[in-house]
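Trainee: Structure for this input, please:
(chains A and B)
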Number of protein chains: 2
Amino acid sequence: MQAGKPILYSYFRSSCSWRVRIALALKGIDYETVPINLIKDGGQQFSKDFQALNPMKQVPALKIDGITIYQSLAIIEYLEETRPTPQLLPQDPKKRASVRMISDLIAGGIQPLQNLSVLKQVGEEIQLTWAQNAITSGFNALEQILQSTAGIYCVGDEVTMADLCLVPQVANAERFKVDLTPYPTISSINKRLLVLEAFQVSHPCRQPDTPTELRA
Amino acid sequence: MQAGKPILYSYFRSSCSWRVRIALALKGIDYETVPINLIKDGGQQFSKDFQALNPMKQVPALKIDGITIYQSLAIIEYLEETRPTPQLLPQDPKKRASVRMISDLIAGGIQPLQNLSVLKQVGEEIQLTWAQNAITSGFNALEQILQSTAGIYCVGDEVTMADLCLVPQVANAERFKVDLTPYPTISSINKRLLVLEAFQVSHPCRQPDTPTELRA
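Mentor: Below is the predicted model:
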């Protein structure tokens, strides 16, 4: 069943794909990328081949250990259980709860409301305002939560799954021109994370499918 | 820090609250309910007191072991880690990944798109169609996924976190008049779960805040 390197189906700009790329980088897991362009050909995620792989027609999906996993947090939890070093969840159940709370807040409470398919549905005139509202209402809550959980990073002083969700969401906020000045804690944690190697190599501007004009 | 019984902030009809009520019932955890009416007084979740408890202004929230946890899956994972019997996640990491995949698909990919606050934003004329689209596109994927994961329940023959997400989502589907005939696997798993005691006592029609006319 073991079929060589894990394969990540990814789109350079997808914030959910970026979460998984950071996890793979932190854990030092070598993998191949199969780019799925969410815009080209009307969206390659809608192809028959990809649907057979992930019926939700979304990236990321990870082929690993003979199975295919989708949903970014499910992938990260699987990697954590099978490749536990370095830990992305603390030992203490209460701290683990904080990490999952923040991760779910972003992955379930913000990102789904501002992803490509929802923005298409709400229509071009209001999509920027819609995305901004989704992000600011989530960030208002998150900024307050971080007051009691954060150390150097989102929960304490070690990088956790919560940080893997934070950085890609801040990048989305910047793309949607959200004013980040009301979120000094989010912003400073984001800055501290962005300089780490795992966040750099996984960055949307450095992927195999990043268009030349967006490379850095 | 231990302050007696856990307190669940819940709304009888909230599908996310129901998930947690099932977990508490299955694990035999005695708790008190504090009803948060999402409609009355313009939404009691927006009160200052509740916001201090959960900055996301959403139910459920659970006060337990001296901490407050919100986000339903984070709550369930905490209960699983601190009160492991009966298990809501299988032992095998690959099966755990299936459980989390299905849970995240519902909790992150369906429910957030058809919750009260989003439906308010999309406006009265299209909210029924909007909710139906969110549910059918998720259920199309889920029905396919269950072909390879399901036994008696969503993943194998034991009740897991995935089932705690499935039943409340099917109830939402029924409320939004989604035709369930294309989903025979979802429907039959739902039926098998609904007769279990933990799903019955936690049912929206049997909560302290269920209005008399909806009681059963």
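Trainee: By residue count, tell me the biggest helix in chain A.
Mentor: helix A:127-149 (DSSP state H).
Trainee: Tell me how many other residues crowd the nearest residue to residue A:214 once chain neighbours are set aside.
Mentor: Spatial nearest neighbour of residue A:214, excluding adjacent residues (C-beta to C-beta, 6 or more residues apart in numbering or on different chains): residue A:205 at 5.8 Å. All C-beta spots, glycine's among them, are computed from the backbone N, C-alpha and C. Per other C-beta atoms under 10 Å in any protein chain shown, the neighbour tally for residue A:205 reads 13.
Trainee: how far away is residue A:208 from residue A:10?
Mentor: 9 Å (C-beta to C-beta, to the nearest Å).
Trainee: now residue A:18
Mentor: Taken as C-beta to C-beta, the span from residue A:18 to residue A:10 is 8 Å.
Trainee: hey, what's in contact with both of residue A:208 and residue A:10?
Mentor: Common neighbours of residue A:208 and residue A:10 (criterion: C-beta atoms under 8 Å, 6 or more residues apart in numbering or on different chains): A:33, A:35.
Trainee: Looking at those two, which one has more neighbours?
Mentor: Legend: neighbour count by other C-beta under 10 Å for residue A:208 and residue A:10, higher for residue A:10 (27 against 10).
Trainee: so that one sits right up against residue A:36, yeah?
Mentor: Yes - Residue A:10 is within contact range of residue A:36, at 6.9 Å (criterion: C-beta atoms under 8 Å).
Trainee: which residues do these two both contact?
Mentor: residue A:59.
Trainee: returning to what we had before: what comes into contact with the longest helix of chain A?
Mentor: By C-beta under 8 Å, 6+ apart, helix A:127-149 touches A:98, A:101-102, A:105-106, A:109-110, A:113-114, A:118-120, A:122, A:154-156, A:169, A:172-173, A:176-178, A:182-186, A:189, B:54-57, B:121.
Trainee: 6 Å - rerun?
Mentor: Applying C-beta atoms under 6 Å, 6 or more residues apart in numbering or on different chains, the contact partners of helix A:127-149 are A:98, A:109-110, A:113-114, A:119, A:122, A:155, A:173, A:176, A:178, A:183, A:185-186, B:55-56.
Trainee: Among those, which one sits closest to residue B:91?
Mentor: residue A:98 (25.3 Å; C-beta to C-beta).
Trainee: List of residues touching the helix or strand containing that closest one?
Mentor: Per DSSP states H and E: residue A:98 is located in helix A:93-109. Contacts of helix A:93-109 with the rest of the structure, by C-beta under 6 Å, 6+ apart, involve A:73, A:89-90, A:138, A:149, A:154-155, A:160-162, A:165, A:169, B:67, B:69, B:71, B:73-74, B:77-78, B:81-82, B:107-108, B:112.
Trainee: Now, the residues you listed that are in helices?
Mentor: Using DSSP H, these in helices are A:73, A:138, A:149, A:161-162, A:165, A:169, B:73-74, B:77-78, B:81-82, B:107-108.
Trainee: Of these, select the buried ones using a ChimeraX command.
Mentor: If you want just the buried ones from those in ChimeraX, going by 16 or more other C-beta atoms under 10 Å in any protein chain shown, the selection is:
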select /A:73,138,149,161,162,165,169 /B:73,74,77,78,107,108
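Trainee: Could you list the buried residues of the helix holding residue A:98?
Mentor: Per 16+ other C-beta under 10 Å, helix A:93-109 contains these buried residues: A:93, A:95-109.
Trainee: swap in stretch A:199-211?
Mentor: Those buried within stretch A:199-211 under the rule 16+ other C-beta under 10 Å are A:199, A:202, A:203, A:204, A:207, A:210.
Trainee: what's the answer for stretch A:186-194, then?
Mentor: Buried, per 16+ other C-beta under 10 Å, within stretch A:186-194: A:186, A:187, A:189, A:190, A:193.
Trainee: Out of those residues, which is nearest to residue A:62?
Mentor: residue A:193 (21.7 Å).
Trainee: in which helix or strand would I find that closest one?
Mentor: Short version, using DSSP H and E: residue A:193 is in helix A:184-194.
Trainee: and the angle from that helix to helix A:127-149?
Mentor: 90 degrees (axes from the mean of the first three to the mean of the last three C-alpha atoms, to 10 degrees).
Trainee: Which strands and helices lie in contact with helix A:184-194?
Mentor: helix A:127-149, helix A:161-175 (3 or more C-beta pairs under 6 Å, 6 or more residues apart in numbering or on different chains; DSSP states H and E).
Trainee: Does chain B have contacts with the last one?
Mentor: Just to be clear, that refers to helix A:161-175. No - Helix A:161-175 is not in contact with chain B by C-beta under 6 Å from any C-beta of the partner chain; minimum separation 10.6 Å.
Trainee: can you give me how far that helix is from the chain middle?
Mentor: Counting by C-alpha atoms, centre = their mean, to the nearest Å, helix A:161-175 is centred 7 Å from the centre of its parent chain.
Trainee: just the angle between it and helix A:184-194, please?
Mentor: Using the same axes, to 10 degrees, helix A:161-175 lies at 110 degrees relative to helix A:184-194.
Trainee: Helix A:161-175 - what's its average pLDDT?
Mentor: Averaged across helix A:161-175, pLDDT comes to 98.
Trainee: And it, what does it pack against?
Mentor: Against helix A:161-175 (3+ C-beta pairs under 6 Å, 6+ apart) you get helix A:15-26, helix A:93-109, helix A:184-194.
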